[in-house]
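Participant: predicted model, plus sequence, below.
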Amino acid sequence: MPSGQQYLQAIGSFAPLVIIIVLFYFMLIRPQRKRDKAEKEMRNSIAVGDEISTIGGFIGRVVNIKDDVLIIETSGDRTKLKVYRWAIRGKEAEPVESVEAPKDADKGAK
């Protein structure tokens, strides 16, 4: 019959393993679940007219949504692309405009 001291030794040998598992949960698993939940909420909140960027680097405005497929307009010539909802990286705060050279730069070069 095992004594109480043997039980304490058995519990003591498993304690570091339990502590490591708890640390992994709070430092790795829980924050990752929180990020995944935030990404899912962001992707589900996308509406027609939102400016988005994809994981492939495309930036465009959503013009149509059907289930998990979004159609986006990517440029001034109204190029349209179909992308899956899971391929959305994020919403853009403002549309990206093309940058033009200042008019004064041409005068200084002459």
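Facilitator: Sure, I can see it.

Participant: longest strand in this structure, by residue count?
Facilitator: Counting residues, the longest strand found in the chain (DSSP state E) is strand 59-66.

Participant: and the contacts of the next helix-or-strand element following that strand?
Facilitator: Reading on from strand 59-66 to the C-terminus, the next helix or strand found by DSSP states H and E is strand 69-73. Outside strand 69-73, the residues within contact range by Cβ atoms under 8 Å, 6 or more residues apart in numbering are 46, 52, 54, 58, 60-65, 79-85, 88. Where you see a C-beta, it was placed from the backbone N, CA and C, and this is true even at glycine.

Participant: wait, residue 49 sits on residue 62?
Facilitator: Yes: contact status for residue 49 versus residue 62: in contact at 6.4 Å, counting by Cβ atoms under 8 Å.

Participant: mind checking which of those two has more residues around it?
Facilitator: Between residue 49 and residue 62, counted using other Cβ atoms under 10 Å, the more crowded position is residue 62 (19 against 8).

Participant: pLDDT averaged over stretch 25-44 - what is it?
Facilitator: Averaged across stretch 25-44, pLDDT comes to 95.

Participant: and stretch 77-92, what's buried?
Facilitator: For stretch 77-92, the neighbour count (16 or more other Cβ atoms under 10 Å) marks 83, 88-89 as buried.

Participant: just put the residues you listed in CSV and tack on pLDDT and secondary structure.
Facilitator: Putting the buried residues of stretch 77-92 into CSV (pLDDT from 0 to 100; DSSP: H, G, I helix; E, B strand; the rest coil) gives the following:
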residue, pLDDT, secondary structure
83, 96, strand
88, 95, strand
89, 95, strand
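
Participant: closest to residue 41 out of these?
Facilitator: Nearest to residue 41, judged by Cβ to Cβ, of those is residue 88 at 12.1 Å.
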